[in-house]
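Visitor: Sequence and predicted model, in that order:
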Amino acid sequence: MSFFIETLVGGLLAGVMYSLVAIGFVLVFKASGVFNFAQGSMVLCAALTFVTLRDKEIPFWLAAVITLAIMVAIAILIERVVLRPLVNRPQITLFMATLGLSFVIEGLAQIAMGASVHELDLGIIDTPVKFGDVQVSQFDLVAAGTAAVLVAALSIFFSRTRTGIALRAIADDPQAALSIGIRLQSLWQIVWGVAGFVSLVAGLLWGARQGVQFALTLVVLKALPVLIIGGFTSIAGAIVGGLIVGASDSLAEIYLGNLLGGSVSTWFSYVLAVAFLLVRPAGLFGEAPIERI
Amino acid sequence: MDMFEWKRKSRMRTIGRALGLATMATVASGAAHAEDAKTQYFPLATFRVGAYASSGIPVWAGEIDYFRYINEVEGGINGIKLVWDECETNWEVEKGVECYERVKAGKNGSPVPIFLPHGDPISKALTEKSVADKIPLVTIAYGRTEAIDGRVFPYSFPVVFSFWSEASSAVNFIAEKVGGKDKLKGLKIATVYHDSPYGKETQVPLAHLAKTYGFEDIQIPVPHPGNEQSAQWAKIRQLKPDWVFLRGWGVMTPVAIKTAAKVGFPVDHIIGGIWSGSEEDVRPAGAVAKGYLAITPFPAGADFEIHKKLKAHILDKGLSDLKDPKSFGSVYYNSGVDEAIIAVEAIRTAQAHFGVRPINGEEAQWGLEHLDLSEKRLAEIGATGLQQPLKLSIKDHEGGGAGKVLQWDGEKWNVVSNGWVKSDRDLLLPLIYERAAAYAKEKGITPRDATN
């Protein structure tokens, strides 16, 4: 039984790590209806910038602030150069633009900062904590705590601040929001900036877990089923989706993998996502579009 | 046939003849170039961008530095200078195949002697093409293991250390640690592998070795890319193996080391495979990687004689391809040097037989199958200890089959095995030949005669 609990808890905590990446997608989707394919590249770019600064012996917090400033600058640049000319174009056009953007960010980040693998030490102790027979990773607990703080902060931002409420208005009906004087361009810059901040947090935690390297971009592969299950427009959904994906992957790997004689977690979460799509196309917490005909 | 039709056909015939003559002229001028060529073309399939660039960059540096050394200090291979250019594969099969197709005809009349695919999936995709084009594929420490049998795979050369030898040497190192092969009985050895054809390549030999020596063979797959392994290592904690053999690639290795530490598995009982045993694999894992072991045919170190020569003639003169001087003598850099040594020596062997001139693929195949890197020759090159002695033949495209075990001390790798740990090649070769024969039967290949 303790093995089952350990596998389950390990999976849930891994799921929170996926949620961290998924939240970045949700932010951009909520504000602009765009599935930002470049989110994984932004995670890589943020982590790579941070470790490059740290390698130059810049103190931790200063490096974090400079990285955040760079991510915000990138966000403003993306809005000016890529998104603004594409306003009112079909969403698939914007999606394709982010697809191209992801390759540009990955390429430029590697040209500017090199393709080497970097160690990233956040100073978080990574010895296991024992609860009876069950071992839990301290690092993963800290990551889960960080995700909780992030979700709480973003919830307050969206529900209590003027900017947050304006963002929700844009998400609900961009034309109506524009008609009452909400500035779409500056809000897009803000939301991409916040997505850059989330990328930095996700990049630091994933980078500390596996080293800062190109493979960071691959964590988005697991964020996709998280979004499908949790819904593209809900931060809480990203967390719940992450927990479901993490736990089911982990349990399937152990109990189903043995039966099938191979690893199953690559595709199992996608099977689960498709099942959710059939039953609840908008995801658990997503808003189903209602249109007047 | 009306007049118009006749005129059209006549015009087509004229165009056809003109094209035929032009082709013949091109072929003739190509042949003339091959005779005249004074340099040896050596295309390099590289991946300087993409997911695996960090592993590749030091390899090309090792290779290019050695080629430059041959050109600058030795004046080429018996006076024939090497020229190379790079083709970016991104470590992707389709781009690798495209590169091969682009370079296989040679350059400025100089033929391609050897093609280094630099990627297990690319090498497998090129197996049959290389036979048709008569260009040897040299896949050092990767590629199809049964290609050791050159009777069936005339142009594939998994030289030095196949994946089967890697598995067997790892088991033999464990035997060395526990006090002999008879002590393997009853041990549990878990292989945590990248769930891909590369990762599964050692399942057959390990099952065979487990049956022979009586240890329990546990196989645990990790899905690509391997950035989350909590389930796999929870299973390790449950099964309590005595040793873990880690066959990763890319990000899978540091995540495995970190997750092992999280579940409390001792890292000094994890033996990484060839592609889990570089500085790039352990550095991202940080302090917990201290004590981690890895088996490799490319021992790290910058004190070998050849490194002293490379430093004096290439690095210190600013001719090195290495951007980060810290990587000089790293596992990947040394793998590039090893690869270049084998290529150069195969060309040299072919030149001794066919004459001192640029060598083509067919001649390089002969050179490879008669390659004899003895202790004496290795000492002359300055590669004693870096490269194991090798003797290839039609029936043996591997030749070596041994690896050294390194241990990470937090800063650098140190050799901890008793020299080269040999694999049980005598035990495994019959199985390899059996599989090669099955491949020949499946593909309708008539094996070559190995008596010549």
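Guide: Perfect, thanks for sending it.
Visitor: so what's the residue lying closest to residue A:253 once chain neighbours are set aside up against?
Guide: With CB to CB, 6 or more residues apart in numbering or on different chains as the criterion, residue A:253 has its nearest non-adjacent residue at 3.9 Å, and that residue is residue B:231. C-beta: built from backbone N, CA, C; applies to glycine. By CB atoms under 8 Å, 6 or more residues apart in numbering or on different chains, residue B:231 lies in contact with A:7, A:10, A:11, A:249, A:250, A:251, A:253, A:254, A:265.
Visitor: element containing residue 191, please.
Guide: Defaulting to chain A. Assigned by DSSP states H and E, residue A:191 falls within helix A:184-210.
Visitor: actually it's chain B I care about, not the one you picked
Guide: Residue-wise, residue B:191 maps onto strand B:188-194 under DSSP H and E.
Visitor: Next, see if that strand gets close to chain A.
Guide: No: shown here: strand B:188-194 not in contact with chain A (CB under 8 Å from any CB of the partner chain), separated by at least 9.4 Å.
Visitor: For that strand, buried residues please.
Guide: Under the neighbour-count criterion of 16 or more other CB atoms under 10 Å in any protein chain shown, strand B:188-194 has B:189, B:190, B:191, B:192, B:193, B:194 buried.
Visitor: Now for those: which two are most distant?
Guide: Greatest spacing in the buried residues of strand B:188-194, by CB to CB: B:189 and B:194 (17.3 Å).
Visitor: Same list (the contacts of residue B:231) but as a markdown table, adding secondary structure, pLDDT and distance to residue A:102.
Guide: Shown next, in a markdown table, are the contacts of residue B:231 (DSSP: H, G, I helix; E, B strand; the rest coil; pLDDT from 0 to 100; distance: CB to CB, whole Å):
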| residue | secondary structure | pLDDT | distance to residue A:102 |
| --- | --- | --- | --- |
| A:7 | helix | 88 | 33 |
| A:10 | helix | 88 | 30 |
| A:11 | helix | 91 | 28 |
| A:249 | helix | 91 | 24 |
| A:250 | helix | 91 | 28 |
| A:251 | helix | 91 | 32 |
| A:253 | helix | 89 | 28 |
| A:254 | helix | 87 | 33 |
| A:265 | helix | 81 | 24 |
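Visitor: Format these as CSV; extra columns: neighbour count.
Guide: Output for the contacts of residue B:231, formatted as CSV (neighbours: other CB atoms under 10 Å in any protein chain shown):
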residue, neighbour count
A:7, 23
A:10, 29
A:11, 26
A:249, 28
A:250, 27
A:251, 19
A:253, 28
A:254, 22
A:265, 28
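Visitor: which bits of the stretch 51-200 of chain B sit near chain A?
Guide: Residues of the stretch 51-200 of chain B lying near chain A (CB under 8 Å from any CB): B:51, B:52, B:53, B:54, B:57, B:195.
Visitor: which residue does the stretch 1-150 of chain B bring closest to chain A?
Guide: Closest contact between the stretch 1-150 of chain B and chain A, by CB to the nearest CB, is at residue B:53 (3.7 Å).
Visitor: Local confidence estimate at the most centrally placed residue in chain B?
Guide: When CA atoms, centre = their mean is applied to chain B, the residue found nearest the centroid is residue B:140 (2.2 Å). pLDDT, residue B:140: 95.
Visitor: now it, what's its secondary structure?
Guide: Here residue B:140 takes the coil state, with states given by DSSP: H, G, I helix; E, B strand; the rest coil.
Visitor: surely the residue of the stretch 1-150 of chain B closest to chain A meets residue B:60?
Guide: No: at 10.3 Å, residue B:53 does not count as touching residue B:60 under the criterion of CB atoms under 8 Å.
Visitor: Out of the two, name the residue with the larger neighbour count.
Guide: residue B:60 (24 against 21; other CB atoms under 10 Å in any protein chain shown).
Visitor: nearest residue to that one other than its sequence neighbours?
Guide: Per CB to CB, 6+ apart, closest to residue B:60 is residue B:46, 5.1 Å.
Visitor: quick one: contacts for the one you found?
Guide: Listed by CB under 8 Å, 6+ apart, the contact set of residue B:46 reads B:56, B:60, B:86, B:87, B:88, B:89, B:118.
Visitor: Just checking, which of those residues comes out lowest on pLDDT?
Guide: residue B:56 (90).
Visitor: Next, it: phi, psi?
Guide: Here is the backbone geometry of residue B:56 (degrees, to the nearest 10): phi -80, psi -40.
Visitor: out of everything not next to it in sequence, what's closest to the residue of chain A found nearest chain B?
Guide: Relative to chain B, the nearest point of chain A is residue A:211 (2.1 Å; CB to the nearest CB). Distances taken as CB to CB, 6+ apart place residue B:284 nearest to residue A:211, at 2.1 Å, with adjacent residues excluded.
Visitor: returning to that earlier point: looking at the residues of the stretch 51-200 of chain B next to chain A, which gets the smallest pLDDT?
Guide: residue B:51 (77).
Visitor: Now the helix or strand that contains residue A:139: buried residues?
Guide: Per DSSP H and E, residue A:139 falls inside helix A:138-160. Buried residues in helix A:138-160, counting neighbours by 16+ other CB under 10 Å, are found at A:139, A:140, A:142, A:143, A:144, A:146, A:147, A:150, A:151, A:154, A:157, A:158.
Visitor: Residue B:241 touches residue B:192, doesn't it?
Guide: No: Residue B:241 is beyond contact range of residue B:192, at 9.5 Å (criterion: CB under 8 Å).
Visitor: Find the residues that touch each one of the two.
Guide: In contact with both residue B:241 and residue B:192: no residue, using CB under 8 Å, 6+ apart.
Visitor: ok so, going back, strand partners (parallel or antiparallel) of the strand holding residue B:191?
Guide: strand B:216-222 (parallel), strand B:243-247 (parallel) (DSSP bridges).
Visitor: Tell me which of these sits most buried.
Guide: Highest mean neighbour count of the strands paired with strand B:188-194: strand B:243-247, a mean of 26 (counted as mean count of other CB atoms under 10 Å in any protein chain shown).
Visitor: Please save the CA atoms from it in CSV.
Guide: Taking Å, rounded to 0.1, in the frame of the first residue of the first chain, the C-alpha atoms of strand B:243-247 are listed here in CSV:
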residue,chain,number,x,y,z
TRP,B,243,23.1,-2.4,-9.2
VAL,B,244,21.5,-0.2,-11.8
PHE,B,245,22.7,0.0,-15.4
LEU,B,246,21.6,3.3,-16.8
ARG,B,247,21.2,3.6,-20.6
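Visitor: starting at the chain centroid, how far to it?
Guide: 21 Å (CA atoms, centre = their mean, to the nearest Å).
Visitor: Which strands or helices does the helix or strand just after that strand pack on?
Guide: Remark: after strand B:243-247, the chain's next helix or strand is helix B:252-263, criterion DSSP H and E. Identification of packing neighbours for helix B:252-263 by 3 or more CB pairs under 8 Å, 6 or more residues apart in numbering or on different chains; DSSP states H and E yields strand A:134-137, helix A:184-210, helix B:230-239, strand B:243-247, strand B:270-272, helix B:279-282.
Visitor: lowest average confidence, helix or strand, in chain B?
Guide: Every helix and strand of chain B was ranked by mean pLDDT, DSSP states H and E. The lowest is helix B:3-36, at a mean of 45.
Visitor: partner strands of whatever helix or strand comes next after that helix, parallel or antiparallel?
Guide: Scanning forward in sequence from helix B:3-36 by DSSP H and E, the next helix or strand is strand B:39-41. Note on strand B:39-41: by DSSP bridges, its sheet partners are strand B:81-83 (parallel).
Visitor: Done for today, thanks.
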